[in-house]
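K.L.:
Sequence first, predicted coordinates after that:
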Amino acid sequence: MSTTIVVCVKYVPDAAGDRRFNSDNTVDRGGDGVLSELDEYAVEEALKVRDAGDDVTIVALTVGPEEARVAILKSLQMGADSGVHVLDDAIHGSDAIATSLVLAKAIEQQRADLVLCGMASTDGSMSVIPAMLAERLGLPQVTFGSEVTVEGTSVRVRRDGDAATETIEATMPVLLSVTDQANEPRYPSFKGIMSAKKKPVQQLSLSDIGVDAGDVGTDAAWTRVQQTQERPPRSAGTIVIDQDGSGADQLVEFLAVQKFI
Amino acid sequence: MTEILVLVDHTDGAVRKTTAELLTLARRLGEPSAVFVGTGIDAARDALGKYGAAKVYVLDDADLTDYLVAPKVEALAQLVEQAQPGAVLIASDAEGKEIAGRLAVKTSSGIITDAVDIEAGDDGPVTTQSVFAGNYTVSATVTRGTPIITVKPNAVTPEAVAGEAAEESFSPTISEAAKTAKVVGRKPRAATGRPELTEAAIVVSGGRGTAGKFEPVEEFADALGAAVGASRAAVDAGWYPHAYQVGQTGKTVSPQLYVATGISGAIQHRAGMQTSKAIVAVNKDEEAPIFELVDFGVVGDLHAVLPAATEKVKQRKG
């Protein structure tokens, strides 16, 4: 029995760089972007399933501008088999609702047995796309897996919540998201980097996947950003150097003056 | 007056502080109705009334808690249909955001996550969010459907105002399709006796500089009545459980005081604590980026500074 895994991967501004907004209040994705670090765990989880199974195919799916192919390329270098890039000018400014619609329509075409996502993106970090995809695709939602067991068509995860640790179980087709606790993403090997160049990447427009351009983009967003404002830098604080216990004295004095004690 | 639905966050009826915060914010927008899912309403009723819940919808059906998220979403969608609320407020934890995301799709409504404030506006609630590791604030509104908003802990100081907390039972219809991701095990987290990390007024965190010894961090936290956190480096090294990780892939905290000890202050850590009101750091390395953020910093060894400071705090507190 063959298994198809679709991994949703996102192209994001590098968190180590200077992140800002465009004049239309969308995220500035110019400059050097990367595969969202948290999606590497989803790619790795897919590779683990393929390593342990027979006839497993991994498709890396992204939605975004031309540069977003970086996210697919990195996934292919890690070991994914092929890529799908939904690329359409109309998508610019889409909110999570519209993004989940585009992803869901693209996933439907792939007839996935397993849809894999990271726990959050490192830019928007809403963490809602996996749940929205489960809703749209009518799939069991098995999310925030910190430990994943796949046996045949059964998927089981450990989900660490604030109040309790839960074990969640479902049968494929399943939507699965994993945390950064689930595995250790591999680095692309030299062979992986070379072979990635030859792997197929399909570019699709909105009409290719049957999405009306009027349902996505800034104008179709169901939320509106009124204003974005850069936070004023914190004013420089007092720094003291500890010498024979002076640091503790001054620290406690600060806490007392600030009424924390 | 417009009804505002507040999903109650509780464990067997023990209501979390975030719910009191949500009820307080809901009063700015309309009349709060608490939505209580699960068992333990008798223990919860007083806490809900105390913060102004006029109504309490009680949904006590095992299907709602035996499966992950989906049944709760179906129930809430049916309640939204019936009550036509002005907004739905949900706590911004992992499950809260998932419920909100699915509810938004199901009810064709706009969603805003991780609000740190909400005010009433001419066109519905106006939210404030803190993004890009706290470097920007964003104000936003929902333009379609019922505004579905998740709110971070410590967004507001809960204000007690007596509410009726009149009970209304509501029996949703849960489809078989919603019952596919089964919760086959549930182990409550062991209590530490310390405040909840995301709700605490003071958080003391330890990082790589602890070298695995968290006792000085814990003892200083206990002297201050604080919660204990850890950096990703400390968690990855296996020195402290992941549940206490502060940062992008852990918890986001916004306490009155955040004390970072032995933590360099990488961007991923900043993302989890940069909106704290006051920030203090203790680090051996005077070049550590955490010192760019602090109100007060000590360049020194935490293993010497913290025990001495702990003693002095205890003396002052008598």
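P.N.:
Happy to help now that I have it. Residues are numbered from 1 along each chain as shown, chains lettered A, B, ... in the order given.
K.L.:
number of nearby residues for the residue in the stretch 1-150 of chain A positioned nearest to chain B?
P.N.:
Distance from chain B to each residue of the stretch 1-150 of chain A (Cβ to the nearest Cβ) is smallest for residue A:128, at 3.2 Å. In short, each C-beta sits where N, CA and C put it, glycine included. For residue A:128, the neighbour count with other Cβ atoms under 10 Å in any protein chain shown is 26.
K.L.:
Can you pull the residues of the stretch 1-150 of chain A lying near chain B?
P.N.:
A:15-16, A:19-21, A:25, A:38, A:95-97, A:100, A:119-120, A:122-123, A:125-132, A:134-136, A:138-144, A:146 (Cβ under 8 Å from any Cβ of the partner chain).
K.L.:
Not counting sequence-adjacent ones, nearest residue to the residue of the stretch 1-150 of chain A closest to chain B?
P.N.:
Take residue A:128 and drop its neighbours on the chain: the residue closest to it by Cβ to Cβ, 6 or more residues apart in numbering or on different chains is residue B:101, 3.2 Å away.
K.L.:
Give the full set of residues in contact with that neighbour.
P.N.:
A:96, A:100, A:126, A:128, A:129, A:131, A:132, A:135, B:111, B:113 (Cβ atoms under 8 Å, 6 or more residues apart in numbering or on different chains).
K.L.:
and the two most separated of those residues?
P.N.:
A:135 and B:113 (15.3 Å; Cβ to Cβ).
K.L.:
which among the residues of the stretch 1-150 of chain A next to chain B end up buried?
P.N.:
A:15, A:19, A:21, A:38, A:95-97, A:100, A:119-120, A:122-123, A:125-132, A:134-136, A:139-144, A:146 (16 or more other Cβ atoms under 10 Å in any protein chain shown).
K.L.:
Now, the residues you listed that are in helices?
P.N.:
A:96, A:97, A:100, A:129, A:130, A:131, A:132, A:134, A:135, A:136 (DSSP state H).
K.L.:
Spit out the contact partners of residue 81.
P.N.:
Let's take chain A. Counting by Cβ under 8 Å, 6+ apart, residue A:81 makes contact with A:57, A:58, A:59, A:199.
K.L.:
I was after chain B.
P.N.:
Residue B:81 neighbours (Cβ under 8 Å, 6+ apart): residue B:107.
K.L.:
sorry, back to before: just the contacts of residue A:81: which are in strands?
P.N.:
A:57, A:58, A:59 (DSSP state E).
K.L.:
separation between residue A:125 and residue A:84?
P.N.:
Applying Cβ to Cβ, to the nearest Å, the value for residue A:125 to residue A:84 is 24 Å.
K.L.:
contacting residues for residue 132?
P.N.:
Since no chain was named, I'll use chain A. Contact analysis of residue A:132 by Cβ under 8 Å, 6+ apart lists A:96, A:97, A:100, A:104, B:101, B:102, B:104, B:105.
K.L.:
you looked at the wrong chain, it should be chain B
P.N.:
Residue B:132 makes contact with A:19, A:20, A:123, according to Cβ under 8 Å, 6+ apart.
K.L.:
Try it again at 7 Å.
P.N.:
Residue B:132 sits next to residue A:19 when contact means Cβ atoms under 7 Å, 6 or more residues apart in numbering or on different chains.
K.L.:
In the sheet, which residues pair with residue A:4? Tell me.
P.N.:
In this entry, residue A:4 is beta-bridged to residue A:57, by DSSP bridges.
K.L.:
I'd like the distance between it and residue A:47.
P.N.:
Residue A:4 is 14 Å from residue A:47, by Cβ to Cβ.
K.L.:
Equivalent analysis for residue A:27, please.
P.N.:
Distance from residue A:27 to residue A:47, by Cβ to Cβ: 29 Å.
K.L.:
who's more crowded, these two?
P.N.:
residue A:47 (21 against 17).
K.L.:
element containing the more buried one, please.
P.N.:
helix A:39-52 (DSSP states H and E).
K.L.:
Now that helix: buried residues?
P.N.:
In helix A:39-52, counting by 16+ other Cβ under 10 Å, buried: A:39, A:40, A:41, A:42, A:43, A:44, A:45, A:46, A:47, A:49, A:50.
K.L.:
Give the residue spans of the stretch 51-200 of chain B that score low on pLDDT.
P.N.:
Within the stretch 51-200 of chain B, no stretch has pLDDT under 70.
K.L.:
Show me which residues of stretch B:128-145 are buried.
P.N.:
B:128-142, B:144-145.
K.L.:
Same question for stretch B:230-247.
P.N.:
B:230-236, B:239-240, B:242-247.
K.L.:
what do you get for stretch A:185-204?
P.N.:
Those would be A:185, A:188, A:196, A:199, A:204, for stretch A:185-204 by 16+ other Cβ under 10 Å.
K.L.:
Narrow these to those in helices?
P.N.:
residue A:196.
K.L.:
And the buried residues of stretch A:185-204, which two are furthest apart?
P.N.:
A:185 and A:204 (26.3 Å).
K.L.:
mean confidence for stretch A:91-106?
P.N.:
Stretch A:91-106 carries an average pLDDT of 95.
K.L.:
so where's the stretch 201-318 of chain B uncertain?
P.N.:
Judged against pLDDT under 70, the stretch 201-318 of chain B has no low-scoring part.
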